[in-house]
Each structure stands twice: as C-alpha cells, then as structure tokens.
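[1] Sequence plus predicted model, see below.
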Amino acid sequence: MIDEDILTIDEVAKYLRVSERTVYEWAQKGEIPTGKIGTVWRFKKSELEQWVNERLSVNRFSAQSGNIRPEEIISIDRIIFLNYSSKRDTLLALADNISSAPQIKNRQELISEILRREELMSTAIGRGIAIPHIRLSSITDLVVSVGISRTDIIDFQTLDDEPVRLLLMIAAAYNQHAKHLQTLSFFSSRLKSRELRNAILASSSPQDAYSILTGNY
C-alpha cells in the first residue's frame, strides 16, 4: 500500500511551486525536512506542511528583533511606488533604488544576486508581502528600500496565493548576519497587521508611507 503522507521531489516541487532542482538543493543543504529511502529523497507531508506554516508566520527570529529602530534604517528617498505586474521588473526597479544608497558599492553584483536568490527561492512570505534580501561583502552597512505596488504582482509564487503588493528589499554587509535577521524579523512581525499594510498601500506619498512605517501604528 502506498503511503499518501510520503512525497517525492517532483510532488514537493509542485506543492511549493518551485523547481525540482531547488527542492533537491534544499534537501542536500538540510534546509527542508526530508529523509532518504536508499538513495532517493522522500518528504513527509505533515512535516512539510509544518515547515510551510513556519515560513508563512516568519516567527523564527522574533525574539531578536526588539532593538530595531525603523527610523534609523528607512529613509524617505528609499520608498518608491511601483506599477509593474512582473516580479523581475519590480525587483529591478527596487534594486535600482537601493543601489543609489552610498552603502552599496557594486550595483551590478547586488542586482545579479537578488535575481539569483529569487530564482532559487521566492521571497514572498504571504499576506501580499515579499522581502528580498541579500548580504554581500561589497555592501558597507545595512540599507532598506520599500516598494509599494499599485498593481498586483502575479508571478511571485506565493504560498497563500495572494498577489504581492508590498516589498521590502534588505541589503546588508556580509558580516551583519545578526542585524540582517533582526531586520527581517522586525518587519515580518510588524507587517502582520492588516490595518498597517492597508495604510501603507493607501499612502499617497513616500512621506506618508515613512510616517506609517516608523510610527506607532
């Protein structure tokens, strides 16, 4: 009798809407719950569902986010309004904005790595949010760029099928692992509020969005 709770790489790829190669790389690196039967990777559906739920909630680093001050890492000139329906065009526009920051010393490397990471694994976390992020040795300090999309971005392969409308791109120095995680956690937790997300999406200017993101909303 076939155990319906055991999935193959192909079935996991279809379930997560990623390539089989991506699932294989996750399995090799231990980034996804799996086991081997002989030489073949197998995945327990219940463990996979729990892993997906943890990714959607983004709670893993919540205890580390308490000392983040958004006004110190967000600036008005790093908040832009977007009107692209494709993920690639959106990421390129946001990468172009963040690359104008003095902390970014190699614009082309940042763009290439952001796109490469997105191909490997979607940075959409559910609730219409995506947080593309990167750490590079050519970056001197952490910087954040916020993208507010006036159009549904339909090809982010979200786990909850909600189109992406709000993006935060986080670029950090290679040795800023802790601050990078703290920043991810802070914004992931803060943006769980539907009221806050709706207020940001309804903002009419970068100044309005900045006030919402840095205030006690």
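    Perfect, thanks for sending it. Numbers count the residues shown, from 1 in each chain.
[2] same question for stretch 40-51, mean pLDDT?
    In this model, stretch 40-51 carries a mean pLDDT of 84.
[3] buried residues in the host helix or strand of Ile200?
    Using DSSP states H and E, Ile200 sits in helix 194-202. Within helix 194-202, the residues that count as buried by 16 or more other CB atoms under 10 Å are Leu196, Arg197, Ala199, Ile200. C-beta here means a position set from N, CA and C on the backbone, and glycine is covered the same way.
[4] I'd assumed Leu168 was in contact with the second one.
    No. Arg197 is not in contact with Leu168 according to CB atoms under 8 Å; the separation is 11.6 Å.
[5] which residues do these two both contact?
    Shared contacts of Arg197 and Leu168 (CB atoms under 8 Å, 6 or more residues apart in numbering): Ile129.
[6] Quick check: buried residues in stretch 71-80?
    Ile73, Ile74, Ser75, Arg78, Ile79, Ile80.
[7] can you tell me which of those lies nearest to Lys36?
    Ile73 (42.1 Å; CB to CB).
[8] Just give the nearest non-adjacent residue to the closest one, would you?
    Leaving aside its sequence neighbours, Ile73 sits nearest to Val144 (CB to CB, 6 or more residues apart in numbering; 5.1 Å).
[9] cool, and Arg107?
    For Arg107, the spatially nearest residue (CB to CB, 6+ apart) is Ser99, at 3.9 Å.
[10] Can you give me the neighbour number for the one you found?
    Number of residues near Ser99 (other CB atoms under 10 Å) recorded here: 21.
[11] go on, Ile111?
    Residues near Ile111, counting by other CB under 10 Å, number 19.
[12] where's it relative to Ile32, distance?
    Counting by CB to CB, to the nearest Å, the gap from Ile111 to Ile32 is 27 Å.
[13] quick revisit: could you report the pLDDT at the residue nearest to Arg107?
    Ser99 carries a pLDDT value of 95.
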